[in-house]
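Q: Predicted model follows, preceded by the sequence.
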Amino acid sequence: MHLELHPDEKIIMRQRKHWFVFALEAVGFGIGALVPIVLVPSASWLFPGLYEFFGTADTFALLVFASGAWFLLLWILLSVAFTNYYLDVLIVTTKRMLDLDQRGLFSRDVATIPSQNIQDIKIDTQGIFATFFNFGDLHVQTAGGHKELVIRGIKDPEHVKDEIMGVYHNISVSTSD
């Protein structure tokens, strides 16, 4: 996505979700990859009539095909998850905040909040991993129709909050002068 900046607007920061958020999702896919590794050796025990019905060679070929299809599906889903992770970006400029939220391969939600509409920012860090790796949810309270914007799994939320509030403070000081 190409971002059109206003003439006197500069990008202050770009922030993605923390890598650990994607790593947790990838671990789930890794566990899913163990399913055929466990099921194929125990197929004769789980499905006793399988070898008699198809024959040993055909059953083996069927299990190899099903395992390959399962691994391919997991690989595609992992690629989609990485694409969603990589394309989710929070951009803070001198005039506004943009939250680019990739919802699928062909679906994106873009929320733009002018800095003067920001009323409050809350950080929500839950759990030992979020505390240790310094990531959390950012809740942005606005004066507009969208009362609250939630950005999940953002890296270094305290720094992001400080940057956004710094922009808000600069705008409110310059408008009051």
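A: All right, it came through fine.
Q: What is the longest helix of this structure by residue count?
A: When the chain is parsed with DSSP state H, its longest helix is helix 56-87.
Q: May I have the helix or strand following it exported as CSV, CA atoms only?
A: Sequence order places strand 89-93 as the next helix or strand after helix 56-87, per DSSP states H and E. Once non-C-alpha atoms are left out, strand 89-93 reads as follows in CSV (Å, rounded to 0.1, in the frame of the first residue of the first chain):
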residue,chain,number,x,y,z
VAL,A,89,1.6,-2.0,10.5
LEU,A,90,0.9,1.0,12.8
ILE,A,91,2.2,4.2,11.3
VAL,A,92,2.4,7.4,13.4
THR,A,93,2.9,10.7,11.5
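Q: Residue 120 pairs with what?
A: For residue 120, the beta-bridge partners under DSSP bridges are residue 141.
Q: wouldn't it be in contact with residue 141 here?
A: Yes: judged on CB atoms under 8 Å, residue 120 makes contact with residue 141 at a distance of 4.0 Å. (Glycine included, C-beta is placed from N, CA and C.)
Q: Now residue 122: closest residue in space, sequence neighbours ignored.
A: residue 139 (4.2 Å; CB to CB, 6 or more residues apart in numbering).
Q: And that neighbour, how close does it get to residue 42?
A: 47 Å (CB to CB, to the nearest Å).
Q: Could you check which of those two has the larger neighbour count?
A: residue 139 (17 against 9; other CB atoms under 10 Å).
Q: who touches the more buried one in this structure?
A: 121-124, 148-150 (CB atoms under 8 Å, 6 or more residues apart in numbering).
Q: If we use 10 Å, what do you get?
A: Residues in contact with residue 139 (CB atoms under 10 Å, 6 or more residues apart in numbering) are 120-124, 148-152, 157, 161.
Q: Could you list the buried residues of the longest helix of the chain?
A: Within helix 56-87, the residues that count as buried by 16 or more other CB atoms under 10 Å are 59, 63, 67, 74, 78, 84-85.
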